[in-house]
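1. I'll drop the sequence and a predicted model, then ask my questions.
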Amino acid sequence: MKGNCYIQGMAAISPQHTFDGDLLTQPMIVTQGNRLSCVEPDYRAFIAPNSLRRMTRVLKMGLAASLKCLQDGGIHVPGAIVTGTGKGSLQDTERFIKEIRDFEERALNPTPFIQSTYNAVNGLIALQQKCTQYNNTFVHRGFSFEHALLDSLLLLSEGTPNVLAGAFDEITPEHFFIKGRIGHWKRETISNDQLYAHVSPGTISGEGAAFFLLTNTPGEQTYAQIGGLQLLYKPTPAHLGTALSQFLAQRNMQPEDIDLILTGANADSNHLHYYQLLDSYPQRTQLPFKHLCGDYETAGAFALWLAATILKEQQIPKAWFPMVTHQPERLKNVLIYNHFFGEQHVFMLLHSKD
Amino acid sequence: MEDLKQKLKVQIIEALNLQDTRPEDIDDNAPLFGEGLGLDSIDSLELMVLLERNYQIKVEDPREGRKILQSVQSMAEFIQSKQPA
């Protein structure tokens, strides 16, 4: 990876209490019913009422998370805005499509059409911050956020001083039903805190918005450094193992240098075998994260937020990971391995600031 | 006419999701855009859709639309003028 990339500010809205307060003391929110929904903040602190009235859920989530991230990073106008989303605003898309049917393609409201476009959140951020810089949204299913991150890394290496990178996705009852029909979710109803005890076809759904202010130089409040990113599309398990070894070797790292591995393991028996590539890595360092956020196209952004939080705080939130009996002695290098229903696989490497 | 204006106010509040606004807060003659309710260009498109869906009136000429959407009073007068005698 050319150049350096540091997380200078960040914010997340997720099914856990991630937006406000002391994250390390927050209890885990337990949801019964296979569909995790975000804990939404009071948006009026970030968005004017006249704008708020028109926005649907994921737009509010994306805009509020991005604005808080900029505040956190101490930047008003970023050098670029780059996001990823698997589905954009589903509420608007569903409303627009229903109206096409109900009104026979006539008298269609402009608002859901405008807001159903994938880059609507980027547009809102740019308008609110009066940012006329590079602005792009990537929509590549389980690679959406990772392509936004890759583009951000390239921008930083080319000299853009800072980039606002993020991701946002929501789940609606209708979309949950549709994805259930194609086997994405478990048939049995479980609660998220019991996810890993129910290995069976499918997983639990989730949603979230996470934003990061990325810079090419470290600052006083840097959360972590992004040391590597690799994307693999439909790899064989053998290729995956080789690719991970090479990924670490290219960065002069050995498996024992990794202090923590955050995995996207989601108790889906259809795709769980991919995580066997981590069998040769110390088991005590492996923690799954999807009981906290559920599964969705841009869950990798939540994983990055979580890894950076752990590195900054130098501890693993106890209430969110009851399986952790002892805090690691050292938290310097964190590896994230996630895949989206066996198709899009991602390795991400983070280092602590010091 | 009074019933129509009252009905229009309820429909405007619902269509534009004007939270914290009640029908009695809207003055019949107050401008809908800029000052008054402070609506914008996207709202004007939403109001055109409201006229088409609820009153089967399609406003083709944007210059005409500007006059029609000036206030609740002007909208009500326009609707009434299009209804069969």
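-> Now that the structure is in, tell me what you want to look at. On a predicted model such as this, the values are computed, not experimentally measured, just so you know. Numbering: from 1, shown residues only, chains lettered A, B, ... in the order given.

2. give me the low-pLDDT residue ranges for chain B?
-> B:85 (pLDDT under 70).

3. any chance you could map the helices in it?
-> Using DSSP state H, the helices of chain B run over residues B:2-15, B:41-55, B:62-68, B:72-82.

4. which of those sits closest to residue A:124?
-> Among those, the nearest to residue A:124 by CB to CB is helix B:41-55 (12.6 Å). C-beta coordinates here come from the backbone N, C-alpha and C atoms, glycine included.

5. show me which residues of the closest one are buried.
-> Residues B:43, B:44, B:45, B:46, B:47, B:48, B:49, B:50, B:51, B:52, B:53, B:55 are the ones in helix B:41-55 that count as buried (16 or more other CB atoms under 10 Å in any protein chain shown).

6. could you do stretch A:42-61 as well?
-> A:43, A:46-47, A:51-52, A:54-61.

7. one more: stretch A:69-77?
-> Within stretch A:69-77, the residues scored as buried using 16+ other CB under 10 Å are A:69, A:70, A:72, A:73, A:75.

8. mind checking the end-to-end distance for that stretch?
-> Stretch A:69-77 has an end-to-end distance of 12 Å (CA to CA, to the nearest Å).

9. before we move on, the earlier item: pick out the lowest-pLDDT one from the buried residues of stretch A:42-61.
-> On pLDDT alone, residue A:51 ranks lowest of the buried residues of stretch A:42-61, at 89.

10. measure it to chain B for me?
-> Distance, residue A:51 to chain B, using CB to the nearest CB, to the nearest Å: 10 Å.

11. then residue A:257?
-> Applying CB to the nearest CB to residue A:257 and chain B gives a distance of 53 Å.

12. same deal with residue A:325?
-> Counting by CB to the nearest CB, the gap from residue A:325 to chain B is 48 Å.

13. what's the answer for residue A:330, then?
-> Going from residue A:330 to chain B by CB to the nearest CB gives 51 Å.

14. what residues are up against the residue lying closest to that residue once chain neighbours are set aside?
-> Nearest residue to residue A:330, sequence neighbours excluded (CB to CB, 6 or more residues apart in numbering or on different chains): residue A:259, at 5.3 Å. By CB atoms under 8 Å, 6 or more residues apart in numbering or on different chains, residue A:259 lies in contact with A:285, A:328, A:330, A:331, A:332, A:333, A:334.

15. next helix or strand past the helix or strand hosting residue A:128?
-> Element membership for residue A:128 (DSSP states H and E) is helix A:120-129. Downstream of helix A:120-129, the first helix or strand assigned by DSSP H and E is strand A:134-138.

16. mean confidence for the next helix or strand after that following strand?
-> Next helix or strand after strand A:134-138 toward the C-terminus (DSSP H and E): helix A:144-157. Mean per-residue pLDDT for helix A:144-157: 98.

17. circling back to that earlier point, which of the buried residues of stretch A:42-61 fall in helices?
-> Short answer: these in helices (DSSP H) are A:51, A:52, A:57, A:58, A:59, A:60, A:61.

18. what sits up against the helix holding residue A:128?
-> Under CB under 8 Å, 6+ apart, the answer for helix A:120-129 is A:47, A:51, A:55, A:58-59, A:62-63, A:66-67, A:70, A:76-78, A:81, A:83, A:85, A:88-89, A:92, A:114, A:131-132, A:135-137, A:164, A:168.

19. kindly report the same for stretch A:303-321.
-> A:7, A:10, A:12, A:14, A:16, A:18, A:23-28, A:145, A:149, A:210, A:212, A:223-224, A:226, A:260, A:262, A:264, A:287, A:289, A:292, A:324, A:327-328, A:331-332, A:334, A:336, A:338, A:348, A:350-353.

20. what subset of the residues you listed is buried?
-> For the contacts of stretch A:303-321, buried by 16+ other CB under 10 Å: A:7, A:10, A:12, A:14, A:16, A:18, A:23, A:26, A:28, A:145, A:149, A:210, A:212, A:223-224, A:226, A:260, A:262, A:264, A:287, A:289, A:292, A:328, A:331-332, A:334, A:336, A:338, A:348, A:350-353.
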